[in-house]
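Colleague: following is a predicted model, sequence given first.
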Amino acid sequence: MSDTEGRRLAAAARLLGFLLQRELDEDAVAELRRGGVEPALEALGLALPPEGDTAALEALAAEYFERFVAPRDTPPLVHSLAEGGGYEGEPAAGVRNVAAQLGVARDEDAARGAPVDHLGSELELWAEVRLRAPDQASDFARAYLAWSAPILRQQSGHGGFYGRLSGVVAEFVETVSAPD
């Protein structure tokens, strides 16, 4: 894989991590528009709400809560919860270890309080692995991303913005987790 392709995948992982760790409020939508990613999101079937449409933002906030914060039919997108039933399990320790080995500091403000092993945080760390140690990216993806694909596939069946986002993230995870 070329460096250019690796940088594109890292940018996609960061964007997906951003979308998974915060509901789309006015500030997040403005940040996405300033970043110029709106056309790419639309190409994926992820249309941002119109500027100033507070009703659409409120509906998205409710959908975000239902899909990712307190889902009824799946665990939240936190690795330790999905695999061990509690916070701060072995996956969280592993993520911290990989980050420390790479010298990557976690931006607590950007993560908006999400656990270190939240899928969004893991995607952001995968981006760093892909850029700094590309030969380890597939192994990291299998160890720290692949767990989420079945949950995301289930969430994608619900439709809406976050259902579609779940499907997009599942495809991404399955692609980068595939054996070399």
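Modeller: Good, I have the coordinates. Numbering: from 1, shown residues only.
Colleague: output the lowest mean pLDDT helix or strand found in the protein.
Modeller: Lowest on mean pLDDT, DSSP states H and E among the helices and strands of the chain sits helix 108-111, with a mean of 52.
Colleague: which elements pack onto the helix or strand following that helix?
Modeller: Sequence order places helix 119-132 as the next helix or strand after helix 108-111, per DSSP states H and E. In terms of contacts (3 or more Cβ pairs under 8 Å, 6 or more residues apart in numbering; DSSP states H and E), helix 119-132 is packed against helix 3-21, helix 90-102, helix 108-111, helix 137-144, helix 160-177. No exception for glycine: its C-beta is placed from N, CA and C like everyone else's.
Colleague: for Met23, what are phi and psi?
Modeller: No, residue 23 isn't Met; it's Glu. Phi and psi for Glu23, reported as degrees, to the nearest 10, are phi -70, psi 160.
Colleague: which residues touch it?
Modeller: Applying Cβ atoms under 8 Å, 6 or more residues apart in numbering, we find Glu23 in contact with Leu60, Ala61, Tyr64, Phe65.
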